[in-house]
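model the structure of this input:
(chains A and B)
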Amino acid sequence: MHNFTNKKILNWNAYLQLQAQNCKDSRLKTFYKTGTYHDDTQLKEIEFVALDFETTGLDPKQNSIISIGLVPFTLNRIFCNQAKKWYVNPQDKLEEESVIIHGITHSDLKGAPDLRRILNQLLDELAGKIVVVHYRNIERDFLDLNLRALIDEGIIFPVIDTMQIEAEIQNKQIQGFFNWLKGKRPGSIRLGNSRLRYNLPGYQPHDALTDAIATAELLQAQVSYYYSPETPIKNIWL
Amino acid sequence: MEVELLEIQDFISQHAPFDQLPEEALADVVRSVEISYYRAETNIIDFKDDINELYMIRSGVVEIYRRNGNLYNRLDQGKLFGQMGLLTNNKVRFPAKTTKDTLLYCIPGSVFYDLCDRFESFADFVEAEDSTRLKQAVKSKSDNANALTTSKVKTLLTREPLILQSDSSIQSVAKIMAEESQSAALIKDPSIDDQEGYSFVGLITEHDLCAKVIASGLSVETPVSEVMSTELMSLDHNAYIFEAMLLMLRHNVHHLPIMKNKRPIGLIEVSDIIRYESQNSLLFVSSIFQQQSTEDLAQLSAQLKDCFVRMVNEDANSHMVGRAMSEIGRSFKQRLLELAEEQFGPPPIPYCFLALGSMARDEQLLVTDQDNGLILDNSYDEKLHGEYFEKLSHFVCDGLDACGYVYCTGEIMATNPEYRKTQTQWETCFTDWIDNPNPKALLNCNIFFDLTGVYGRVKWAEQLNAFILRRAKKNNRFLACMARNALNRKPPLGFFKDFVMENDGRHNNSINLKRRGTAPLADLIRVHALAIGSQSQNSFDRLEDIIEAGILPKSKGADLRHAMELISLVRLRHQSLDVESDIEPDNNIEPENMSDLERRNLKDAFLVLSNAQNFLKYRYTANKF
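Numbers count the residues shown, from 1 in each chain, chains lettered A, B, ... in the order given. Prediction:
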């Protein structure tokens, strides 16, 4: 496992080209070859894709993806007509406790494809775009580790994490003597709570596609509040 | 692959006009949506931009502006904008700006046009702006209306009236009536040269033949002129059936000639309309005249509200309800005057009791105060007659108050000696108002320009009206003053959430639909009516005259009629709801109690009123001529 979780890759484009040469799986090779944006590309030029997984649990080493939702978008528009959603047959057992959270049941998964079977389509949707997630430890780690288990090769790509952005904003806002004096604490950075601060509507959580759309809306809102369409991508990708 | 966009589907399907679409069409809309976030105070579309999408507000608030920068509308969750631009050469007509952080669903123009083509309800919703939508609202209401309250007497006529000559013998008249199976005939005088048969001098009925001929043993050779009734009442063919019933009950007659252009075109009798009879205001009117004291009348007046509710529930239009309620109001006055004359003796000199304002206009609803006055014969002498008329006025006004027609706060009542004037004094008074107009002085006398005689020498009221019209018609300074006063009360802009939104963006919790709607409408209609010398008193009748005179821009007259009808309808519907839920009815309406449809229609009506006020301002300026 490449532990990129808290480390910045300085030149993503070069890194992806390197991966393209080194990896064995042809599907991954194609994905890496597409490359990504130059560091200085402005946000307004970028095609994003918001991605969300529902999983059987929280441990990417033991649990697996059971639903994938994604929607392509730009700073101006979220394209619902290009939205995608899959159910995925998990490698481990579907536990009762996770069913309670995402509401996905055995009957939903009956006949659902294995992750390998939709990998081509999924990578097609992500290739060349900037993946946007809320809490990258789920989406990035689950995809990487689930693939390792299935095809013995992981995957890595740049992401924008709206939760990380929100955490930094919250931390900035509680800095300073007066805020310390007032005992100001950072606000919750969960998806639903973060959205409230931008007056975004409340959605029913834990549907992979709804959460992907919610994440896309959140990034549009965060950029219009705290960044600008001219901000270079290198400032916020991870 | 079918993707379920749950949140979007849920939201769109709950809001008009999408809520009317079949599931499959709705799914196409949902799939076509693009979402966009706008921070507060951001322009979304600017005037004359190209527009290729319909916008639906998912959350937040958007304000729509007119070209001149004035606020046109404020929209929140679930509302649409951009449709006008899509329907008019794809240019933005009204710029839009967020006032709060806003999430928009953008629906492509191609989907929009497709829905317009395929679904009439959708096209109606997005195409019908302003006056068109208003017209539809009023129309659909009256389409369902009960025949009793909205049919005209002419619909009852099945044949020409039987017209016989006054020198015929009773027997020959009876023979023709029997042959023609008619229970009554009109009688004309052969000595009057009247080739077109326009005038008749009497009416003979089966009842007359029975009571005046057979019962008293009169010879059947006697000329019919000896036994016919000569006190004739008649009604125009455009009157409502309802009015015919009122007239017949009031005067206890069973036959009524129906006139068109002063020519009798038919006779209706009680049996013709008995099938229309309901427990409506007719019986109420007839029972008013059976009451023997003010206390009895006051007791009866408690039932007025129920009578009103029944009419509203029978889908009577506001014109009908207004007429019926005014007729009832007049009947209370008439009966009180009869009782007063019983108590104080016959009047020493002739007089005419006047009704002013909404009662004169036939536009009374439930909550109303009394506005009245007296015209006295020119022979009036304060020392000789003063006390009688003072007592009479107090008896009537106190009685009206007891019956729920509360005292006028402006003291415009016969009890005020200032409003007991002789014919000459009234003429002098109106001459002064009209020839030396002063907006401040005129402010409180609007009401005098709607007047009608209720009791006594009612002709005097007509004469006074004719006098007023002659003087007012060409007096531009006077008209300009009246016009200026008609602009004092302006309608609000519309509604936002559960508030009434004013033109400056302020919010109020409720709206007085009389003060902000029907009254300013009646005011501006009155100015036009005075300008063209219309003899009508009712706003709808006045509007007909105004439209005919051609002084309004095309179709604006009809728009005004629809606006008047709609605001009145909402007013009376809410008064009726108040009564039904045991709340004291008033003219205030809280937007939270209005349906979406009512809000939209009212907003359109306010716009018509507001535009009409602007037109009034421009049309009647003192120095324009």
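
how many residues are close by residue 36?
All of this refers to chain A. Neighbour count of A:Thr36, defined by other CB atoms under 10 Å in any protein chain shown: 22. C-beta here means a position set from N, CA and C on the backbone, and glycine is covered the same way.

sorry, I should have been clearer: chain B.
For B:Ser36, using other CB under 10 Å, the count is 21.

go on, A:Ile68?
25.

A helix includes it, no?
No. A:Ile68: not assigned to a helix; according to DSSP: H, G, I helix; E, B strand; the rest coil it is strand.

what separation is there between it and B:Leu156?
Distance, A:Ile68 to B:Leu156, using CB to CB, to the nearest Å: 74 Å.

what residue ranges in the chain score low on pLDDT?
Chain wasn't specified; assuming chain A. Low-confidence segments of chain A (pLDDT under 70): A:1-10, A:176-178, A:180-184.

I was after chain B.
B:1-2, B:128-151, B:193-198, B:273-283, B:314-315, B:622-625.

need the residue closest to the centroid of it.
B:His319 (4.0 Å; CA atoms, centre = their mean).

for the closest residue to A:Val133 other than its chain neighbours, which three-state class applies?
Closest residue in space to A:Val133, ignoring its immediate chain neighbours: A:Glu139 at 4.2 Å, by CB to CB, 6 or more residues apart in numbering or on different chains. The three-state assignment at A:Glu139 reads helix, by three-state DSSP.

longest helix of chain A?
Looking across chain A with DSSP state H, the single longest helix is helix A:208-226.

what about the helices in chain A?
A:12-22, A:26-34, A:96-102, A:106-109, A:115-126, A:136-151, A:162-174, A:177-181, A:191-196, A:208-226.

B:Val111 reaches B:Arg31, doesn't it?
No. Applying CB atoms under 8 Å as the test, B:Val111 and B:Arg31 come out as separate, 9.1 Å apart.

rewinding a little: report how many residues lie close to the residue nearest to A:Val133.
So A:Glu139, with other CB under 10 Å, has 26 neighbours.

cool, and B:Ser234?
For B:Ser234, using other CB under 10 Å, the count is 17.

touching, it and B:Leu256? I think so.
Yes. In this structure, B:Ser234 is within contact of B:Leu256 by CB under 8 Å, at 6.7 Å.

dump the residue contacts of the closest residue to B:Gln14 other than its chain neighbours.
In this structure, B:Gln14 finds its nearest non-sequential neighbour in B:Gly78, 7.2 Å apart by CB to CB, 6+ apart. Shown in contact with B:Gly78 (CB atoms under 8 Å, 6 or more residues apart in numbering or on different chains): B:11, B:14-16, B:56-57.

among the helices of chain A, which is the most enclosed?
helix A:208-226 (a mean of 24; mean count of other CB atoms under 10 Å in any protein chain shown).

and it, how far from the chain's centre?
Centroid separation between helix A:208-226 and its chain, computed with CA atoms, centre = their mean, to the nearest Å, is 11 Å.

try stretch B:376-383
36 Å.

quick one: end-to-end length of it, please.
With CA to CA, to the nearest Å as the measure, the ends of stretch B:376-383 fall 14 Å from one another.

what sits up against that stretch?
Contacts for stretch B:376-383 (CB under 8 Å, 6+ apart): B:349-351, B:385, B:389, B:420-424, B:457.

got those residues as CSV, with neighbour count columns?
Output for those, formatted as CSV (neighbours: other CB atoms under 10 Å in any protein chain shown):
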residue, neighbour count
B:Ile349, 15
B:Pro350, 15
B:Tyr351, 25
B:His385, 18
B:Phe389, 22
B:Arg420, 23
B:Lys421, 17
B:Thr422, 18
B:Gln423, 20
B:Thr424, 11
B:Arg457, 17
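
from the residues you listed, which land in strands?
Among those, the members found in strands (DSSP state E) are B:351, B:420-422.
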